[in-house]
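In: using only what follows, build the 3D model:
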Amino acid sequence: LQYCPLPPTSTIIVQLVDKIIIMPPPHDLIILITLVLNEHSAQNNTLNPPVYRKIKVSSAINLELLNDKVIAPCFGWTRNYHTYYFRTANDTYYTQKDTDAADARSWLSPSLLPQDPYAGPKRGLKPENATLGDLLKKVGDYCFYNYDLGDGWIHRLSVEKVLSEEESDGGVVLMEGAMRCPPEDGGGCTRYQEDILDLYCEQKKNPNNVENARELAEACFEHRGGVNVNGSFRPGEFNLLERKLALAEALGSRNSTRNSVKTFAFPICNGLETAYIGQISVVTKKQDDRFGGFASFHETVNVKPDPRDATLCNQCGNPNDLKACARCHSAFYCSRECQALHWKAGHKKKCKKEMVAYEKYQDELKRNKADPNRFGISGEVILQRRYTPGKLRFKVGDKVECMIGPEQWGTGRIVRCLYREDGWPKSKESAPYQIKLDRKTADRVGIPPKYEPLIYSDWDDDIKVRKLPDAEMEYVD
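Out: Okay, the predicted model is just below:
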């Protein structure tokens, strides 16, 4: 291929032997991404209520980057944790291959599933060699994206609008969305609909159904330690600003590695590291009361720069016409304006550190030998959030239903927020609420009238404390 100079119209002309092919410049697409129950069904039924995100993105973005730096942060999935594939309407697969993720094994070895009619096609083409524009070209076009090939979180991507060349700037924008991301390792779309969303819909329709409310609270509480949850799981929550910040963080980072995904281990252990030249192995500790302590995630992380032709503008997400930061060679921008904005947004503090990492990587290349100290690098320590101090759901005086024992509930009212008992060590966090039980509940649990029936809740979660309509309450001090 011989690329001719760009004509004034910015149309790319490619000379292939004796043929001239006119290639239009990439356009931005407005894409609706919705979770669906079945990718092989003609109905393509969405979850109820719909779990979706609407984004603007360049048609020139490759599918690997779309998965890693756009869909994952916009939805709330964990980057570099599971395998994925894209499938077109005519059953062409683009499947992540060079990965050690457990959920990929059956898909990459058709012999393991000889009765599966899709086993051969699932091996597919390489997503890093295809762009979104190769799959979706006009309004109404659609394809599927399956995340976590073990669970099967099936997304339908459909084109709502193709922007003109004048309207297209190549940047990624999260425009809107609804419902929070399902929990990682949560069983897939069908199970999520049956175990969580059906109960959620019933609760919205009939808020006085106490048994349904308790069943929903219990089902949600099971996911409190999920990789992408870390606290109370509330399916109806969607925070647009939070997702935009996650998108900005992903765009400003290096690509995830292909050779090694996040590996979960409990108890914390070593020996799970894989890292080559230009990579390090990072261990993240995550608190999870379901396991009585901390679990660890081992992940191989790139410290080498992304390839210029396979990354995105660190500021806006544009994949086109990128130039590297002249100092650190590790940040890429589509314009001086984006570089200036990203400098102010945080690259100013990171540039020197990135420059040192780049020089270290160059030294590894020169010696053709990886850094022997690349393993066991301490990463983030993530503490479980039982509540958010500035965002407690209840205030003093609110009447609530509270858990008073295994499978036992009573009623009372909030008498104190951020409660601490005498003798608690400083390391023990405050309880979100102290609750005074009503006399009927106190009598039921055997608290004599001469004692104040006070308890505390250690979680700000519906499984432990839930507000009920006043019509259901009979409160007697």
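
In: what segments of the stretch 251-400 of the chain are strands?
Out: 263-265, 279-288, 293-302, 323-324, 332-333, 377-382, 399-405 (DSSP state E, counting those that start in this stretch).

In: please report how far the closest residue to residue 378 other than its chain neighbours lies from residue 366.
Out: For residue 378, ignoring the flanking residues on the chain, the nearest one in space by CB to CB, 6 or more residues apart in numbering is residue 283 at 6.3 Å. (Each C-beta comes from the backbone N, C-alpha and C, glycine too.) According to CB to CB, to the nearest Å, residue 283 stands 28 Å off from residue 366.

In: and residue 166, how far is that from residue 28?
Out: Per CB to CB, residue 166 is found 11 Å from residue 28.

In: any stretches of this structure with poor pLDDT?
Out: Within the chain, the set of residues satisfying pLDDT under 70 comprises 1-24, 41-44, 105-123, 264-273, 469-477.

In: let me see the ranges of the helices in it.
Out: Applying DSSP state H to the chain gives helices spanning 63-65, 72-75, 105-108, 119-123, 132-135, 189-192, 198-205, 210-221, 240-251, 336-342, 348-367, 439-444.

In: turn those helices into TSV, columns for distance to residue 456 and mean neighbour count.
Out: What follows is the helices of the chain, written out as TSV (distance: least, CB to CB, whole Å; neighbours: other CB atoms under 10 Å):
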stretch	distance to residue 456	mean neighbour count
helix 63-65	47	24
helix 72-75	35	24
helix 105-108	47	18
helix 119-123	52	16
helix 132-135	51	21
helix 189-192	32	19
helix 198-205	26	16
helix 210-221	18	17
helix 240-251	29	16
helix 336-342	46	16
helix 348-367	41	14
helix 439-444	15	16
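
In: now those in CSV, please, with extra columns for distance to residue 95.
Out: Shown next, in CSV, are the helices of the chain (distance: least, CB to CB, whole Å):
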stretch, distance to residue 95
helix 63-65, 10
helix 72-75, 17
helix 105-108, 6
helix 119-123, 6
helix 132-135, 14
helix 189-192, 19
helix 198-205, 31
helix 210-221, 32
helix 240-251, 22
helix 336-342, 32
helix 348-367, 29
helix 439-444, 56
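
In: between the ones you listed, which one is closest to residue 141.
Out: Closest of those to residue 141 is helix 132-135, at 7.5 Å (criterion: CB to CB).

In: now residue 26, nearest residue through space, not along the chain?
Out: residue 60 (3.6 Å).

In: pull out the buried residues from stretch 285-294.
Out: Across stretch 285-294, burial judged by 16 or more other CB atoms under 10 Å covers 285, 286, 288, 294.

In: quick check, the third one in contact with residue 294.
Out: Yes - with contact taken as CB atoms under 8 Å, residue 288 and residue 294 are classed as touching, separated by 7.2 Å.

In: distance check, the closest residue to residue 385 other than its chain neighbours against residue 217.
Out: Take residue 385 and drop its neighbours on the chain: the residue closest to it by CB to CB, 6+ apart is residue 231, 3.7 Å away. Going from residue 231 to residue 217 by CB to CB gives 14 Å.

In: now swap in residue 99 and tell me
Out: For residue 99, the distance to residue 217 - CB to CB - is 36 Å.

In: so what pairs up with residue 436 in the strands?
Out: For residue 436, the beta-bridge partners under DSSP bridges are residue 413, residue 454.

In: that one - how many residues pack around it?
Out: Using other CB atoms under 10 Å, residue 436 has 17 neighbouring residues.

In: next, count neighbours for residue 239.
Out: Residue 239: 12 neighbours (other CB under 10 Å).

In: how close does it sit to residue 391?
Out: Per CB to CB, residue 239 is found 11 Å from residue 391.

In: cool, residue 96 as well?
Out: 37 Å.

In: these two: who's more crowded?
Out: Comparing residue 96 with residue 391 by other CB under 10 Å, the one with more neighbours is residue 96, at 25 against 7.

In: can you tell me which residues contact the residue nearest to that one when sequence neighbours are not counted?
Out: Spatially, and ignoring its direct neighbours in sequence, residue 96 is nearest to residue 83 (5.0 Å; CB to CB, 6+ apart). Contacts for residue 83 (CB atoms under 8 Å, 6 or more residues apart in numbering) come out as 95, 96, 99, 101, 103, 104, 107, 148, 149, 261.

In: what's the burial count for the closest residue to the last one other than its chain neighbours?
Out: Of all residues not flanking residue 261 in the chain, residue 101 sits nearest, at 4.5 Å (CB to CB, 6+ apart). Each residue near residue 101 was counted by other CB under 10 Å, and the total is 21.

In: who's in contact with residue 101?
Out: 81, 82, 83, 261.

In: between all of those residues, which two are separated the most?
Out: The widest separation within those, taken as CB to CB, falls between 81 and 83 and amounts to 9.2 Å.

In: shared neighbours of these two, anything?
Out: Going by CB under 8 Å, 6+ apart, residues that sit against residue 81 and also against residue 83 are 101, 148, 261.

In: looking at these, which is nearest residue 303?
Out: residue 261 (17.3 Å).

In: the closest one against residue 98, yeah?
Out: No - applying CB under 8 Å, one finds residue 261 not in contact with residue 98, separated by 11.0 Å.

In: so which of these two has more stuff around it?
Out: residue 261 (25 against 11).
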